[in-house]
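Participant: fold the following, please.
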Amino acid sequence: MSEPTKNPVALITGAARGIGRRTAEVLAERGYALVLNDLDPADETEKVARKFEVDVMQALGDVSVERDSAAMADKLLARYGRLDVLVNNAGVSLISPALETSPEQWRRVLEINLTGPFLLCRKFGRVMLGQRSGSIVNVASIAGLVGIADRAAYNASKHGLIGLTKTLAVEWGGFGVRCNAVCPAWVKTEMDAADQARGTYSDADICSRVPMGRFAKPDDVAQAIAFLADPKQSGFLNGHTLVVDGGWISDGSWESLRLQHRPKQ
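Facilitator: As a prediction, this is how the structure comes out:
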């Protein structure tokens, strides 16, 4: 077993793009050694992270496959012998009315968005419990807090991820292992571009709904993840869902009332 860095070590899933890529950049800037997971190589993420002179490695694999999770753990532990931060970010969306969602589609979304984080929490939770320290940050969604039409599988997966977060916080908090979640609203990422390309919603649909009048940026979410990861900044936060939504779920106004409280163009 080698340990080439004394920096804290963070594993980020879904690190090749979007929230995962920006989280890797933010954590690298803060001095974390990084393990980057995705189905595809995260070469661009690694290239940017290395500018901060931190150790970086990639561990490709499907988070929903137990064999891949085990291989990821073996590779990480062989290099570092520990893990300080686990960011469960990998996920997929599915826009489909409940009656038109097939069991196969349902299972795929649940396997990636919920079973995947469970497998990694289970694998690396043992490591963190042995260390008596560690922070797990699960990337959930406001769709884990409210119902959003045509997203039965996605909503269920994110509600479940918040439930898993709270349960692990209760079971592991006494051993110094914290588990929290971030709940973004719509974020400008490749996933959003793909969903919009199907004609299911527009920028205006989202911006008119958010009190702050814009999408979240990957950096908005990444900074929240970095906050929850850092025991100096959030050491007594455990089982918390940090909502990063520009006020979306706080706003019960109807649209005309909501828009009255916007700056006049």
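Participant: list the buried ones in stretch 25-36?
Facilitator: In terms of neighbour count (16 or more other Cβ atoms under 10 Å), stretch 25-36 has its buried residues at 25-28, 32-36. Every C-beta, even on glycine, is put in place using the N, C-alpha and C of the backbone.
Participant: make TSV out of those and add distance to Thr45 and pLDDT.
Facilitator: Converted to TSV, the buried residues of stretch 25-36 look like this (distance: Cβ to Cβ, whole Å; pLDDT from 0 to 100):
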residue	distance to Thr45	pLDDT
Glu25	7	98
Val26	11	98
Leu27	11	98
Ala28	9	98
Tyr32	13	98
Ala33	14	98
Leu34	8	98
Val35	11	98
Leu36	6	98
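Participant: just send the residues you listed back as JSON lines, with distance to Leu77 and secondary structure too.
Facilitator: As requested, those are exported to JSON lines (distance: Cβ to Cβ, whole Å; DSSP: H, G, I helix; E, B strand; the rest coil):
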{"residue": "Glu25", "distance to Leu77": "24", "secondary structure": "helix"}
{"residue": "Val26", "distance to Leu77": "24", "secondary structure": "helix"}
{"residue": "Leu27", "distance to Leu77": "19", "secondary structure": "helix"}
{"residue": "Ala28", "distance to Leu77": "21", "secondary structure": "helix"}
{"residue": "Tyr32", "distance to Leu77": "17", "secondary structure": "coil"}
{"residue": "Ala33", "distance to Leu77": "13", "secondary structure": "strand"}
{"residue": "Leu34", "distance to Leu77": "15", "secondary structure": "strand"}
{"residue": "Val35", "distance to Leu77": "10", "secondary structure": "strand"}
{"residue": "Leu36", "distance to Leu77": "16", "secondary structure": "strand"}
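Participant: a strand runs through Ile12, doesn't it?
Facilitator: Yes - in this structure, Ile12 lies within a strand as judged by DSSP: H, G, I helix; E, B strand; the rest coil.
Participant: which residue is the nearest non-sequential neighbour of it?
Facilitator: Val87 (4.5 Å; Cβ to Cβ, 6 or more residues apart in numbering).
Participant: is that neighbour in a helix, a strand, or coil?
Facilitator: strand.
Participant: beta partners for it?
Facilitator: Per DSSP bridges, residues listed as beta-bridge partners of Val87: Ile12, Val137.
Participant: what about this structure, any weak spots by pLDDT?
Facilitator: Within the chain, the segments meeting pLDDT under 70 span 1-4, 265.
Participant: in space, what's closest to Ala216 - neighbours in sequence excluded?
Facilitator: Nearest in space to Ala216, with sequence neighbours left out and distances taken as Cβ to Cβ, 6+ apart, is Val187 at 4.5 Å.
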